[in-house]
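Enquirer: structure, please.
(one chain, ligands or ions: 1)
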Amino acid sequence: MFLKITSFLFLFLSLILTSCQTIELDSAKENKLEQKLEQKLEQQAIAISKIEVKEIAVDHAGFKIYKDNTCQNCHGDKLQGSLTGPPLIYNLYKSSHHNDLKLFTSIKEGVDQHHWFFGNMPDHGFINDKDIQLIVQFIRQSLILNNIK
Ligand code: HEC
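Expert: Model prediction:
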C-alpha cells in the first residue's frame, strides 16, 4: 500500500514538473520571438530614418488623389513613411519587384503585412479604378525621380 502511494505521488510530482518545464520552455520561446521582433522593429526604424526623399511628382494629378484619400496618414506627405506605414520611395517598389498592376491591386484590395512590421494595409475599393491608376502613376513617377527604376 505504502509503495502504491509513493509511486502515485512520484508520478504526480513528475507530471507537475514536466508541465512546469514546458511552461518555462514556452516562455523562453516567447522571449526569443519578442527579442527578434524588437530587433526587426529597430532595423525597420533605422532603415526608415535613413530615407531621403529628393522630390516627388507634385504636378501629377495622382498627388491630389493620394492626399485626399488618407494615404498620407500612413505613407507620409512625401511618400517617406510614418509610424503607421512604410515609405513608398524605397528600393522594394522598383517596377521589377512591384509592377504597376501589383501596386494597383494592393491599393484597391489592401495587402497583408509581408515586407514590413506595420500590420496590414486596408483596402481602398471606394476609390474608382481611374483614380487608383493615377495614384499608381504618381508613385511610379516619384520613384523614378528618386532614381528607383
Ligand atoms: C492604415 C495605414 C495605411 C493606409 C491608410 C494606406 N496604407 Fe499603403 N500600406 C500600409 C502598410 C502597413 C503597407 C505595407 C504592407 C507590408 O508590405 O508589410 C502598405 C503598403 C502599400 C503599398 C505597397 C503594396 C505592396 O504590394 O507591397 C502601396 C503601393 C501603398 N501601400 C499605397 C497606398 C495608397 C496609395 C494609399 C491610399 C489610397 C495607402 N497605401 C493607404 C498602410 C497603409
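
Enquirer: against the ligand, how distant is Val111?
Expert: Distance, Val111 to the ligand, by Cβ to the nearest ligand atom, to the nearest Å: 5 Å. All C-beta spots, glycine's among them, are computed from the backbone N, C-alpha and C.

Enquirer: sorry, wrong one. I was asking about Ala57.
Expert: Distance check for Ala57 against the ligand: by Cβ to the nearest ligand atom, it reads 13 Å.

Enquirer: and if you look at Gln113?
Expert: Applying Cβ to the nearest ligand atom, one obtains 4 Å for the distance of Gln113 from the ligand.

Enquirer: next up, the contacts around that residue.
Expert: The neighbourhood of Gln113, defined by Cβ atoms under 8 Å, 6 or more residues apart in numbering, consists of 119-120.

Enquirer: any idea whether it is helix, strand or coil?
Expert: Look at Gln113: counting by DSSP: H, G, I helix; E, B strand; the rest coil, its state is coil.

Enquirer: now swap in the one 10 residues further on and tell me
Expert: Using three-state DSSP, the three-state assignment for Asp123 comes out as coil.

Enquirer: where does it land on pLDDT?
Expert: Confidence at Asp123, expressed as pLDDT, is 98.

Enquirer: how many neighbours does it have?
Expert: Burial of Asp123, expressed as a neighbour count using other Cβ atoms under 10 Å, amounts to 13.

Enquirer: quick one: it from the ligand, how far?
Expert: Using Cβ to the nearest ligand atom, Asp123 is found at 9 Å from the ligand.

Enquirer: quick check: can you list the domain ranges of the protein?
Expert: Described in terms of automatic domain parsing, the domain architecture of the chain consists of the residue ranges 1-50, 61-145.

Enquirer: deepest-packed of these, please.
Expert: Compared across the domains of the chain, domain 61-145 shows the largest average neighbour count, a mean of 16 (mean count of other Cβ atoms under 10 Å).

Enquirer: tell me how far the ends of that one are from each other?
Expert: 16 Å (Cα to Cα, to the nearest Å).

Enquirer: for stretch 114-122, same thing?
Expert: One end of stretch 114-122 sits 13 Å from the other (Cα to Cα).

Enquirer: neighbouring contacts of that stretch?
Expert: Counting by Cβ under 8 Å, 6+ apart, the neighbours of stretch 114-122 from elsewhere in the structure are 37, 40-41, 44, 74, 84-86, 92, 106, 110-113.
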